[in-house]
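**Student:** Could you look at this predicted model? Sequence included:
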Amino acid sequence: MKQDFQRQARQSGVNRIVSVAFGTLISLLSTATVVRAQTDYPNRPIKVVVPYTAGGNIDITARVYAKKLSEQLGQQVIVENRPGASTIIGSQSVVKSPPDGYTLLITGTITSALTMNPGLFASLPYDTNKDFAPISLLTQLSLFVVVHPSLPVNTLQELIALAKAKPKQINVATGGSGGSANLAVELLTMASGAQFTAVHYKGNAPGLADTVAGQTSMMIETTSTALPHIRGGKLRALAVTSNKRSPLLPDVPTVAEAGYPDYDVTLKVGMLAPAGTPRVIVDKLAAEVALIARDPATQKLFAEQGSEAISSTPQAFAAEIAADIIKWTALMKKNGIKAE
């Protein structure tokens, strides 16, 4: 009986040792597999989700960078448009994807849906600060303050003076409540004390068409879409919203130069991954983006469209997102702006 007990005890000890050894081996193999997957990245096609319809500025940006990344990484980078619900549908699909670097998001970021949605909606199906791993900014784009030529103003100062003399009598077109153009107007109102009447359209295109036709008097619109009408004499540019002048219209001053030094509205596009994506993959993609942004051909391509190729570190990008969420949420709360 005693010998049987000792034999069983020895066998149990051996089993425990074997079990621990086997578990350790499995853990080492699993870790090795993960490390190899990261160092071999990418070893299959990458999908880039764009939460906007095809053909717009952000979609064009995504396709330029996807093509360049395909060439540099040696793997196909596929763009998939998933618009809807103010970019929430496409953004959520990325959040729910495996954090392995094979599903990425390219979206409007600073002064756009990513940082405005937290203030526009009572709740979102993700936490913008926690559920994404920011990789890098890709492009930035200015807006122009434009008016119909029938409005008797030639400078931003004259526009502000007229708006103060006739409160809420100047109609300004926007692409919708809570959109970048709407918030750019609200920010100008706060800075100057002038009061305008916002006319919200379902998108910027119909708002721009009505401003060109003189149905509305004013709009804050992107460089790429406003420029042909400015050059054609159908709109008059009074100021640019970014903190530096546009090289396409260097004679047009910034809003800051016109007397409002803290004013800066710059549309930016960036790349993000799901939270939990390995740092080595995030850093690799950020480095690849930086190479693309510095390429003279890329810079020339975007300059011709009125935007600028840029890059950033993941840390700096994350900080910008967090700061802009605070900025725009406060502005929307103060002015009672909510999604339509």
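**Tutor:** Yep, it's here.
**Student:** rest of the way, CA atoms for contacts and neighbours
**Tutor:** Will do.
**Student:** For residue 272, which non-adjacent residue is spatially closest?
**Tutor:** Once flanking residues are discounted, residue 272 sits nearest to residue 134: 4.4 Å by C-alpha to C-alpha, 6 or more residues apart in numbering.
**Student:** next one: stretch 110-120 to chain centre, how far?
**Tutor:** 9 Å (C-alpha atoms, centre = their mean, to the nearest Å).
**Student:** go on, stretch 122-135?
**Tutor:** 13 Å.
**Student:** what does stretch 213-227 give?
**Tutor:** Distance, centroid of stretch 213-227 to centroid of chain: 22 Å (C-alpha atoms, centre = their mean).
**Student:** Give the rounded mean pLDDT of stretch 74-94.
**Tutor:** In this model, stretch 74-94 has a mean pLDDT of 95.
**Student:** what residues does that stretch touch?
**Tutor:** Here stretch 74-94 makes contact (C-alpha atoms under 8 Å, 6 or more residues apart in numbering) with 42-54, 59, 62-63, 66-67, 69-70, 103-105, 113-114, 117, 124-126, 273-274.
**Student:** Same check on stretch 328-336?
**Tutor:** Stretch 328-336 is contacted from outside by 111, 115, 116, 118, 119, 120, 178, 183, 186, 187, 338, using C-alpha under 8 Å, 6+ apart.
**Student:** separation between residue 136 and residue 270?
**Tutor:** Residue 136 is 6 Å from residue 270, where distance means C-alpha to C-alpha, to the nearest Å.
**Student:** Who has more neighbours out of those two?
**Tutor:** residue 136 (28 against 25; other C-alpha atoms under 10 Å).
**Student:** Grab the nearest non-local neighbour of the more buried one.
**Tutor:** residue 312 is the one closest to residue 136 (C-alpha to C-alpha, 6+ apart), at 5.0 Å.
**Student:** List the buried residues for the helix or strand harbouring residue 206?
**Tutor:** Remark: residue 206 resides in helix 204-213, with elements defined by DSSP states H and E. By neighbour count on 16 or more other C-alpha atoms under 10 Å, the buried set for helix 204-213 is 204, 207, 208, 210, 211, 212.
**Student:** From the contacts of stretch 328-336, which land in helices?
**Tutor:** Of the contacts of stretch 328-336, the ones assigned to helices by DSSP state H are 115, 116, 118, 119, 120, 183, 186, 187.
**Student:** so which of those residues comes closest to residue 197?
**Tutor:** residue 186 (10.3 Å; C-alpha to C-alpha).
**Student:** I'd guessed residue 49 sits against residue 102; true?
**Tutor:** No - here residue 49 lies out of contact with residue 102, judged by C-alpha atoms under 8 Å, at a distance of 10.6 Å.
**Student:** the more surrounded of those two?
**Tutor:** Neighbours were counted for residue 49 and for residue 102 using other C-alpha under 10 Å; residue 49 has more, 25 against 21.
**Student:** Extract the CA atoms of the helix or strand where that one lies and return them as PDB.
**Tutor:** Using DSSP H and E, residue 49 sits in strand 46-50. Listed next in PDB are the C-alpha coordinates belonging to strand 46-50 (Å, rounded to 0.1, in the frame of the first residue of the first chain):
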ATOM      1  CA  ILE A  46      -3.800  45.300 -45.900                       C
ATOM      2  CA  LYS A  47      -7.300  46.800 -45.900                       C
ATOM      3  CA  VAL A  48      -7.700  50.600 -45.400                       C
ATOM      4  CA  VAL A  49     -11.200  51.600 -44.400                       C
ATOM      5  CA  VAL A  50     -12.400  55.100 -45.500                       C
END
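**Student:** Use 36 as the first number from now on
**Tutor:** With the count now opening at 36, the last piece we talked about shows up as strand 81-85.
**Student:** Check for me that residue 233 belongs to a strand.
**Tutor:** Yes - under DSSP: H, G, I helix; E, B strand; the rest coil, residue 233 falls within a strand.
**Student:** for the stretch 236-375 of the chain, which spans come out with low pLDDT?
**Tutor:** Applying pLDDT under 70 to the stretch 236-375 of the chain picks out residues 375.
**Student:** Which residue ranges of it form helices?
**Tutor:** Assigned by DSSP state H, counting those that start in this stretch, the stretch 236-375 of the chain shows helices spanning 239-248, 258-266, 314-329, 331-339, 349-370.
**Student:** Could I get those helices in CSV, plus columns for distance to residue 118?
**Tutor:** Listed next are these as CSV, based on distance: least, C-alpha to C-alpha, whole Å:
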stretch, distance to residue 118
helix 239-248, 16
helix 258-266, 20
helix 314-329, 24
helix 331-339, 23
helix 349-370, 21
